Structure formats: structure tokens, C-alpha cells
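A predicted structure for the sequence below; I have some questions about it.
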Amino acid sequence: MGNTPKKLLIAASGTGGHLFPAIATAEALDDFEIEWLGVATRLENQLVPKSYPLNIINVEGFQSGFGLGTVRTMVRLGIAIAQVRSLLKSGGFSGVFTTGGYIAAPAILAARLLGLPTILHESNAIPGKVTRWLSRWCSVVAVGFDAAISYLPHAYCQSVGTPVRSQFLDPQGSTTLGDLGVPDGVPLIVVVGGSQGAVAVNQLVREAAPAWFDAGAWVVHLTGTNDPDADALQHPHYVAKPFYDDMATLLRRADLTVSRAGAGTLTELAMTHTPSILIPYPFAAEDHQTFNGKVFVDANAARLYQQADLTADQLKQSVLDLLDNPDQRQAMAHAAGHLAVENSADQLAELVRRAIADPEAFKR
């Protein structure tokens with residue numbers, strides 16, 4: 001009976017930026033029995049059930065301003081808190097781990113009502129609203145960027161980086177992309193819009209790419225699933241796909257990446273030592289992608305352009321400049337590698353173990 005593993009509820013939902021760090025942490029917690037908390041329409045329904053039981057609740061984010069939508073959201077939040085409280089109590093859970101976002105609210109509040117330890121991971125340089133509002137009720141807040149700590153004065157914080165999928169942990173991993181038809185030795189530009197894609201970036205890339213082809217480069221362009229013009233550009237050196245599973249190999253092989261600046265993507269660029277041109281998503285909450293990207297710019301690991309100010313010609317020239325300057329790309333790659341926290345998942349898993357074994361250990 002004494003060897004029965006403790007149960008942990010992981011609340012992570014929505015995009016890869018929330019889910020992949022949670023999955024990586026779960027994989028490092030093989031001494032726990034894990035169940036998941038998610039929403040019916042989000043990415044977790046594709047990624048989680050093959051490995052962990054998935055519990056579904058109906059909850060949504062708060063919109064700006066007050067109106068009938070706010071009342072509806074509050075009612076749903078109250079119902080969700082009751083559902084999670086019942087799940088935690090009847091399931092005999094020992095604690096909650098969450099990677100933020102709106103699903104974190106009912107998980108943290110329900111755990112608080114039951115006196116259960118809660119561990120929250122915030123991957124962005126500027127913490128999200130739920131993290132700022134509820135971090136004081138968590139046992140410990142783990143952050144991906146040191147800059148986030150100053151926004152959380154009432155929480156016990158520890159910097160651990162952001163966990164990545166296991167495929168990124170092999171520094172000697174493959175760089176061969178035979179399934180994409182990219183030859184070895186040719187310059188490769190990889191375009192990544194994040195798990196949701198980036199239509200505006202896609203349009204800029206399609207306009208700029210012919211000059212890159214003329215320079216001898218290949219382009220692998222991950223367009224996402226929401227771009228109606230995804231097939232508009234055709235060229236022997238151009239590969240367009242909505243997504244690609246083996247991102248570690250792709251980024252290791254890349255000479256340069258054009259990317260959004262989500263925390264998960266930046267972590268993967270650091271782990272693969274990939275120089276990058278960053279175009280933050282302009283509608284991210286509180287412009288947090290810009291702040292994420294500035295960490296890389298300040299480290300000389302990336303160039304950053306605001307989408308509203310960037311033209312196709314500027315993007316074309318910036319890429320060509322870096323393709324023509326291998327020493328600068330090498331310096332950027334080296335700087336990116338210095339930002340990597342290779343044992344982030346293990347550090348975060350150990351925080352979970354400590355918080356559940358001794359919740360008082362993190363009292364300020």
C-alpha cells in the first residue's frame with residue numbers, strides 16, 4: 001500500500017506553448033499517477049489521451065470590458081471550480097501542476113479550497129493575467145525567463161527554463177531531412193508560425209522567397225492550417241507543410257529560422273542552437289512575444305522586427321545578409337545555445353515532488 005504512487009492533476013490546454021512543456025514535465029514524473037485537465041475543443045484532445053486520462057471541463061478566458069459575456073464566463077468558472085474540486089477530492093489527488101492559461105484558474109482555485117499544493121509554470125517573460133492574479137495562491141511558480149519574477153512579487157518563484165519535448169534533448173541528433181527532399185549541404189531557411197500558423201508572416205515570406213532561391217537556399221515553410229494561400233508559391237527548393245512532427249531535426253538542420261516569438265518556440269531554438277529572425281505576434285496578450293524575443297535579441301541570438309513595420313523587402317534583405325555572413329550566424333547560434341536550460345523538465349519535476357512532499361518548504 002505504501003508503494004502506491006501519488007496522483008497529480010495536470011491542467012494544460014490550448015496551444016503547444018502550454019501543452020508541450022506540460023507533457024515534457026509529465027514524462028519526467030514517472031513516479032506519479034497522472035491525469036489531465038483540458039477543454040473539449042483544444043489541442044490536448046489530440047495529444048494527451050494516448051498517454052494520460054483526460055478530464056474535460058467547460059471554461060473560457062476573460063474578455064476585455066464588462067458585459068453579458070463576462071457574466072457567462074464567471075458562471076462557467078464557478079461551475080468549473082466545483083467540477084475540479086470534486087475531481088480532486090474523489091480522485092485522491094495529492095496536488096496540481098499547471099502551465100497557465102485560463103484553464104489554470106479553476107485548477108488553482110479548486111486546489112486552494114482543498115488545501116492541496118499547486119505548482120505553476122509560466123513560460124513567458126511577461127506573465128499572463130491568470131499567473132499574476134493567482135500566483136500568490138500557488139506553492140511555487142516556476143518561470144522560463146528570469147524577467148518574469150519581477151511581475152510576481154507575492155509568489156515564491158524559481159527560474160527553471162521551459163521544458164521541451166524529448167526529441168530536443170539529443171545534441172547529436174539527426175540533421176537529415178530526407179522525407180522533405182532537402183539535400184544535405186544546401187542553405188536552409190525554416191519558417192515557423194507557431195502551432196496556430198501565421199498568415200501575415202506567410203505572405204511576407206512568399207514575397208521574399210524568390211530572392212532566397214536565387215541565392216541557392218531552400219525553404220521549409222510551416223504554414224499552419226489557416227492560410228488560404230498556403231499553396232500559392234511553387235518552386236523546386238520550396239516545401240510548404242501545415243506542420244511537421246520532427247521539429248528537432250528540422251531546427252537542427254536549419255541555417256536560419258524566421259519565426260514568431262512564443263516561449264515554446266524560442267526554447268526550441270535555444271535547444272537546437274538555431275539563429276533566428278523573430279516577428280512577434282502583434283496581438284499576443286500584453287505584447288508578451290516582443291518581450292520574449294527581446295531576451296534573445298539582448299543575448300545576440302536573434303534579430304527582431306515588428307510585423308507592422310516589416311516589409312517583404314526588409315525581410316528579404318535581412319535573410320540574405322545573414323546567409324552571406326556565416327560568422328554572424330555562428331555567433332547567433334552560440335548565443336542561442338547559452339540560453340538553453342537542458343534539464344528544465346527535470347528541474348520542474350523535482351519542484352513538483354518537493355512541493356507535494358512538503359508544501360511548507362516554499363513559504364516566503
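Yep, that arrived. Numbering: from 1, shown residues only.

correct me, but residue 93 touches residue 11?
No. Counting by C-beta atoms under 8 Å, residue 93 stays clear of residue 11, with 11.2 Å between them. Bear in mind the C-beta positions are built from the backbone N, C-alpha and C, glycine included.

the more surrounded of those two?
Shown here are residue 93 and residue 11; by other C-beta atoms under 10 Å, residue 11 has more neighbours (31 against 23).

and for residue 24, nearest residue in space, chain neighbours not counted?
Leaving aside its sequence neighbours, residue 24 sits nearest to residue 163 (C-beta to C-beta, 6 or more residues apart in numbering; 3.6 Å).

residues in contact with that neighbour?
Contacts for residue 163 (C-beta atoms under 8 Å, 6 or more residues apart in numbering) come out as 20-21, 24-25, 28, 121, 267, 344-345, 348.

so where do the helices sit in the stretch 151-300 of the chain?
For the stretch 151-300 of the chain, the helices defined by DSSP state H, counting those that start in this stretch cover 199-214, 247-253, 263-271, 288-298.

just say which of those is most tucked in.
Ranked by mean neighbour count, these are led by helix 263-271 with a mean of 27 (mean count of other C-beta atoms under 10 Å).

between helix 288-298 and that helix, find me the angle.
Per axes from the mean of the first three to the mean of the last three C-alpha atoms, to 10 degrees, the angle that helix 263-271 makes with helix 288-298 is 20 degrees.

other SSEs contacting helix 263-271?
The contact analysis (3 or more C-beta pairs under 8 Å, 6 or more residues apart in numbering; DSSP states H and E) places helix 263-271 against helix 16-27, helix 247-253, strand 256-259, helix 288-298, helix 326-338.

tell me the angle that helix makes with helix 16-27.
Put simply, helix 263-271 runs at 70 degrees to helix 16-27, going by the same axes, to 10 degrees.

contacts made by the longest helix belonging to the chain with the rest, please.
Using DSSP state H, we find that the single longest helix of the chain is helix 68-91. Residues outside helix 68-91 that contact it (C-beta under 8 Å, 6+ apart) are 7, 9, 11, 35, 37, 55, 57-63, 93, 96, 105-107, 109-111, 113-114, 116.

give the buried residues for that helix.
Neighbour counts using 16 or more other C-beta atoms under 10 Å place 73, 77, 80-81, 83-85, 87-88 of helix 68-91 among the buried residues.

following element in sequence after the worst-scoring helix or strand of the chain on mean pLDDT, please.
The helix or strand of the chain with the lowest confidence, counting by mean pLDDT, DSSP states H and E, is helix 68-91 at a mean of 88. Scanning forward in sequence from helix 68-91 by DSSP states H and E, the next helix or strand is strand 95-98.

would you turn the helices and strands packed on helix 263-271 into CSV with mean pLDDT and distance to residue 271?
Shown next, in CSV, are the helices and strands packed on helix 263-271 (pLDDT from 0 to 100; distance: least, C-beta to C-beta, whole Å):
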stretch, mean pLDDT, distance to residue 271
helix 16-27, 94, 11
helix 247-253, 96, 8
strand 256-259, 98, 12
helix 288-298, 97, 13
helix 326-338, 98, 8
